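>>> what shape does this take:
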Amino acid sequence: MFKLSNDGYSMTFANGYTVSVRWHKCYHYVTDRTLDSDTDAIAAMATDSVDAEVAVIHDATTRFLETPFNESDTVIGWQSPDQVHQIMAWTRELPHE
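Coordinates of the predicted model:
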């Protein structure tokens, strides 16, 4: 399943895990977005970003998972498209729970 939101998208795999990919709002871990960023500048970046914030969620529990891609937080910041793809591939291979 694909789900579009106002600040990114998510993909849910058959195994019951979702990968959340976010980049638009200033509170995400992405390049050139800070809480004091100019609102107009943030709006202009709504559709484009060099990186994204990613989280893996277990749908049955709505729990954010720890992954091998980040040791300090369940949210993984500043991920390139290739890194997002690696996280998705890893998530897709998780066993059904």
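
>>> only C-alpha atoms for contact and neighbour calcs from this point on.
Will do.

>>> the chain: strands as residue ranges?
Taking DSSP state E as the test, the strands found in the chain are 2-5, 8-12, 17-22, 52-58, 63-64, 75-79.

>>> where does the protein have low pLDDT?
Scanning the chain for pLDDT under 70 picks out 25-29, 31-47.

>>> longest helix of it?
Secondary structure of the chain per DSSP state H: the longest helix is helix 81-92.

>>> now do it against strand 52-58, angle only.
0 degrees (axes from the mean of the first three to the mean of the last three Cα atoms, to 10 degrees).

>>> contact partners of helix 81-92?
13-15, 17-19, 21, 51-52, 54, 56, 69 (Cα atoms under 8 Å, 6 or more residues apart in numbering).

>>> if we can go back for a sec, turn the strands of the chain into JSON lines, including distance to Thr91 and mean neighbour count.
Formatted as JSON lines, the strands of the chain follow (distance: least, Cα to Cα, whole Å; neighbours: other Cα atoms under 10 Å):
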{"stretch": "strand 2-5", "distance to Thr91": "15", "mean neighbour count": "10"}
{"stretch": "strand 8-12", "distance to Thr91": "10", "mean neighbour count": "17"}
{"stretch": "strand 17-22", "distance to Thr91": "7", "mean neighbour count": "24"}
{"stretch": "strand 52-58", "distance to Thr91": "7", "mean neighbour count": "23"}
{"stretch": "strand 63-64", "distance to Thr91": "12", "mean neighbour count": "15"}
{"stretch": "strand 75-79", "distance to Thr91": "13", "mean neighbour count": "21"}
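
>>> export those strands to TSV and tack on distance to His96?
TSV is the format used below for the strands of the chain (distance: least, Cα to Cα, whole Å):
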stretch	distance to His96
strand 2-5	19
strand 8-12	12
strand 17-22	8
strand 52-58	10
strand 63-64	15
strand 75-79	21
